[in-house]
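K.L.:
quick one: sequence and predicted model below, then my questions.
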Amino acid sequence: MIDIRNVSRTYARGADLVHALERVSLRIPAGRFVALMGPSGSGKSTLLNLLAGLDRPDAGEVVVAGQALSQLDEDGLAAWRARHVGLVFQFYNLLPVLTAIENVELPLLLTSLPRAERRRRAATALDAVGLAPRAAHRPRQLSGGEQQRVAIARAIVTDPDLIVADEPTGDLDAKSAVEILTLLSELNRAFEKTVVMVTHDPRAERFVDAVFHLDKGVLVNGGPP
Amino acid sequence: MTYPRLVLRNLLRHPLRTLFTTLSIALSIFLVCAVLTLPAALDAMFERAASNVRISVHHKAGLTYWLPFSSVQKVRGIPGVAGVDHYSWFGGIYDEPKNLFPNFAMDPDDVEAVWPDYGIDPAALARFRKTRNGALVGEQTMRKFGWRIGQEITLRGTIFPVDLTLQLVGVIPAASGNPLVLWFNRKYLDEAMEGRGGFPRVGMIWVRAERPEDVPRIIHAVDDLFRNSEAETAAESEKSFYTSFFSSFRGFIRVILAVGVLVVGAVVLIAANTSAMGVRERIPELAILKSLGFRRRPLLAVLMAESALVALLGGLLGAGGAYGIFRALGAAGKTGGAVPFLGPLGAFRVSATVGMEGVAIALLVGLVAGMVPAWNGARLNVVEALRRLF
């Protein structure tokens, strides 16, 4: 499903060069729930951005579901993300001017689905995360856990192959964090979605199939917990 | 969820900011519409005031030079002339120096022959002819000073060393297009000047031709008549006279038009600043939208649509307001003088064309103002933006 081959990525930070990833190789089979762990600055988020098609490596190849991402231009990558990737962020990043269901429906604007069908699918996704009764609420009217559920519903509404989550429990209390991890785990099992999650949360190890550790841009070890 | 709904929701994110931006555009477009109306309004005023059979005759050297009184009689003899009257600028002040308005000594007997189109009440004209110190007053001036028929007023001379007490005997309707003027009997001025050496001169001569087609011939005949005399004349049609008389006013209009352009420029900057502020605040959201798969073009369209919609709304409010307000002012005073403090502005009409021009300018303002911020927002580097976000 995900095949990362000898990938390196370097950033310029002022006059300095930061080697975020150095010759990282990694294979994640389809339908797995995987955690990327490591200290801050270890390259976890950079790796996540590369496999989500948000960024490009300086060297190496990223292949997701048979698609070599380097072969796609900017617009092609955007279209690929819209179709194949669902993204979940640490701070939920819902649009404050939209209701929960409108936020979930947002990625469907990129499809050719009719309006009623878009609304139906958004309602289904919201129901899947247990927030159907809160459909008409604005983000500020929801708790952190609820907002993250809406973000997850937004990530799955297009029925993507891959769900990418960057510190999804980082801004949540313990109870909500466990709920979100449980939800991601259920999505992984019930719908066979491949889930790749960056996290510092040690509780995550209970829910995932494999943990990969990075340090200073290098994959130090990885495999089933 | 639709794109228009997304645009609308974004606009309502900061309702006060959107309202103030809309109103600032509306006010400037109101001003622009009023300014764009000025040249047409001036032409309309000339059209209304000027007759196609009336001719103005004045000294070739300029309006400040006098003509011999005898010239009036000579002009009467030109074939095709239906009536001749004369004007002498008295320059009288009513009460205070600021109350200066056009007042002329002239011959009451020839008013009907030269200005039959003015619609002056025949009874008033009869009183004007009979009353030695009688005066006819333009409707707007009458209103401005709160005068009434029968009242006596005193005009303090500024050119002539005499003060004249005049009895108001009638009104010159505003519909004549000459609502500011005051006419009084020239003989009354002559009597006042008797002890001061008299005044055998006139400022200008008004001639009415029998037919419009006679006008060019009479103009030439008048100038030929006085060629090589001590006071050569410059005859011209009434419209031409008003146009050249107010030529300095056209320069003023050009200045106002330039101010209008500057106003539009200032509004573009204000709107651009607001738009840039809005985009800057939403960089995290734009980054999220891009990460979800939104491409540059739809984001650019959404951001531009927001800017254009505010500008369009402002344009409609401004242009519609200008159209409606000036129409209402016109309706309030069909005579053109119902709102004296506005002066000629009260008679302005914002045409539908000017209104549409105003809306188009507003739309252009919105597109220009939104272009750079929208472009910057749409081509945001998603990884850079996400890095700033987290």
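P.N.:
Thanks, I have the structure now. Numbering: from 1, shown residues only, chains lettered A, B, ... in the order given.

K.L.:
quick one: name the residues of the stretch 201-350 of chain B near chain A.
P.N.:
Counting by Cβ under 8 Å from any Cβ of the partner chain, the positions of the stretch 201-350 of chain B adjacent to chain A are B:284-285, B:288-296, B:298. Where you see a C-beta, it was placed from the backbone N, CA and C, and this is true even at glycine.

K.L.:
need these in JSON lines (columns: secondary structure and neighbour count).
P.N.:
Converted to JSON lines, those look like this (DSSP: H, G, I helix; E, B strand; the rest coil; neighbours: other Cβ atoms under 10 Å in any protein chain shown):
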{"residue": "B:P284", "secondary structure": "helix", "neighbour count": "17"}
{"residue": "B:E285", "secondary structure": "helix", "neighbour count": "19"}
{"residue": "B:I288", "secondary structure": "helix", "neighbour count": "25"}
{"residue": "B:L289", "secondary structure": "helix", "neighbour count": "26"}
{"residue": "B:K290", "secondary structure": "helix", "neighbour count": "25"}
{"residue": "B:S291", "secondary structure": "helix", "neighbour count": "24"}
{"residue": "B:L292", "secondary structure": "helix", "neighbour count": "22"}
{"residue": "B:G293", "secondary structure": "coil", "neighbour count": "23"}
{"residue": "B:F294", "secondary structure": "coil", "neighbour count": "22"}
{"residue": "B:R295", "secondary structure": "coil", "neighbour count": "18"}
{"residue": "B:R296", "secondary structure": "helix", "neighbour count": "16"}
{"residue": "B:P298", "secondary structure": "helix", "neighbour count": "16"}
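
K.L.:
make JSON lines from those and add pLDDT to it.
P.N.:
As requested, these are exported to JSON lines (pLDDT from 0 to 100):
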{"residue": "B:P284", "pLDDT": "84"}
{"residue": "B:E285", "pLDDT": "86"}
{"residue": "B:I288", "pLDDT": "88"}
{"residue": "B:L289", "pLDDT": "90"}
{"residue": "B:K290", "pLDDT": "89"}
{"residue": "B:S291", "pLDDT": "89"}
{"residue": "B:L292", "pLDDT": "90"}
{"residue": "B:G293", "pLDDT": "90"}
{"residue": "B:F294", "pLDDT": "91"}
{"residue": "B:R295", "pLDDT": "88"}
{"residue": "B:R296", "pLDDT": "87"}
{"residue": "B:P298", "pLDDT": "90"}
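
K.L.:
closest to A:V218 among those?
P.N.:
When these are compared for distance to A:V218 (Cβ to Cβ), B:S291 wins out at 25.9 Å.

K.L.:
can you pull the contacts of that closest one?
P.N.:
A:52, A:54, A:81, A:87, B:382, B:386 (Cβ atoms under 8 Å, 6 or more residues apart in numbering or on different chains).

K.L.:
which one of those is nearest B:V359?
P.N.:
The shortest approach to B:V359 among the contacts of B:S291 belongs to B:V382, at 36.6 Å (Cβ to Cβ).

K.L.:
doesn't A:L54 make contact with the closest one?
P.N.:
Yes - counting by Cβ atoms under 8 Å, a contact exists between B:V382 and A:L54, whose distance comes to 5.6 Å.

K.L.:
and for residue 118, nearest residue in space, chain neighbours not counted?
P.N.:
Answering for chain A, as no chain was given. Counting by Cβ to Cβ, 6 or more residues apart in numbering or on different chains, A:R118 lies nearest to A:L108, which is 4.2 Å off, once chain neighbours are set aside.

K.L.:
hm, I was asking about chain B
P.N.:
Leaving out its chain neighbours, B:Y118 is closest to B:S176 (Cβ to Cβ, 6+ apart), at 4.0 Å.

K.L.:
measure that neighbour to B:V111 for me?
P.N.:
To B:V111, B:S176 is 11 Å away according to Cβ to Cβ, to the nearest Å.

K.L.:
residues contacting the residue in chain A that chain B sits nearest to?
P.N.:
As assessed by Cβ to the nearest Cβ, chain B sits closest to A:A82 within chain A, at 2.6 Å. Contact criterion Cβ under 8 Å, 6+ apart gives A:107, A:110-111, A:158, B:292-294 as the residues in contact with A:A82.

K.L.:
helix or strand: which one has it?
P.N.:
A:A82 is part of helix A:74-84 when elements are defined by DSSP states H and E.

K.L.:
just after that helix, pick out the following helix or strand.
P.N.:
Proceeding C-terminally, helix A:74-84 gives way to strand A:85-88 as the next helix or strand, assigned by DSSP H and E.

K.L.:
any bit of that next one sitting next to chain B?
P.N.:
Yes - if you take Cβ under 8 Å from any Cβ as the test, strand A:85-88 does meet chain B, through A:85, A:87.

K.L.:
give me the residues contacting that strand.
P.N.:
Residues outside strand A:85-88 that contact it (Cβ under 8 Å, 6+ apart): A:52-53, A:81, A:148, A:151-152, A:154-158, A:160-166, A:168, A:184, A:193, B:291-293.

K.L.:
now stretch B:146-164: average pLDDT?
P.N.:
The predicted model gives stretch B:146-164 an average pLDDT of 93.

K.L.:
quick check: end-to-end length of that stretch?
P.N.:
Terminal residues of stretch B:146-164 lie 19 Å apart, using Cα to Cα, to the nearest Å.

K.L.:
packing partners of the longest helix seen in chain A?
P.N.:
Using DSSP state H to define each element, chain A has its longest helix at helix A:174-191. Applying 3 or more Cβ pairs under 8 Å, 6 or more residues apart in numbering or on different chains; DSSP states H and E, one finds that helix A:174-191 makes contact with strand A:33-37, helix A:144-156, strand A:162-166, strand A:194-198.

K.L.:
between these, which one is nearest to B:M356?
P.N.:
Go through the helices and strands packed on helix A:174-191 one by one with Cβ to Cβ and the one that ends up closest to B:M356 is helix A:144-156, at 42.9 Å.

K.L.:
now the angle from the closest one to strand A:194-198?
P.N.:
Put simply, helix A:144-156 runs at 140 degrees to strand A:194-198, going by axes from the mean of the first three to the mean of the last three Cα atoms, to 10 degrees.

K.L.:
what helix or strand is the closest residue to A:L113 other than its chain neighbours on?
P.N.:
Closest residue in space to A:L113, ignoring its immediate chain neighbours: A:R121 at 7.2 Å, by Cβ to Cβ, 6+ apart. Following DSSP H and E, one finds A:R121 within helix A:115-128.

K.L.:
contacts for that helix?
P.N.:
Counting by Cβ under 8 Å, 6+ apart, helix A:115-128 makes contact with A:100-102, A:104-105, A:108-109, A:111, A:113, A:132, A:134-135, A:150, A:153-154, A:156-157, A:187, B:1-2, all of which sit outside it.

K.L.:
thinking A:V34 is in contact with A:V196, fair?
P.N.:
Yes - with contact defined as Cβ under 8 Å, A:V34 reaches A:V196; the gap is 5.1 Å.

K.L.:
mutual contacts of those two, please.
P.N.:
With contacts defined as Cβ under 8 Å, 6+ apart, the residues adjacent to both A:V34 and A:V196 are A:I28.

K.L.:
of these two, who's got more company?
P.N.:
Shown here are A:V34 and A:V196; by other Cβ atoms under 10 Å in any protein chain shown, A:V196 has more neighbours (26 against 19).

K.L.:
looking at it, B:L166 is touching B:L155, isn't it?
P.N.:
Yes - because the distance of 6.5 Å satisfies Cβ under 8 Å, B:L166 is recorded as touching B:L155.

K.L.:
return the residues in contact with residue 2.
P.N.:
No chain was given, so I picked chain A. Contacts for A:I2 (Cβ under 8 Å, 6+ apart) come out as A:26-28, A:51, A:62-65, A:162, A:194, A:196.

K.L.:
um, chain B though
P.N.:
The neighbourhood of B:T2, defined by Cβ under 8 Å, 6+ apart, consists of A:109, A:115.
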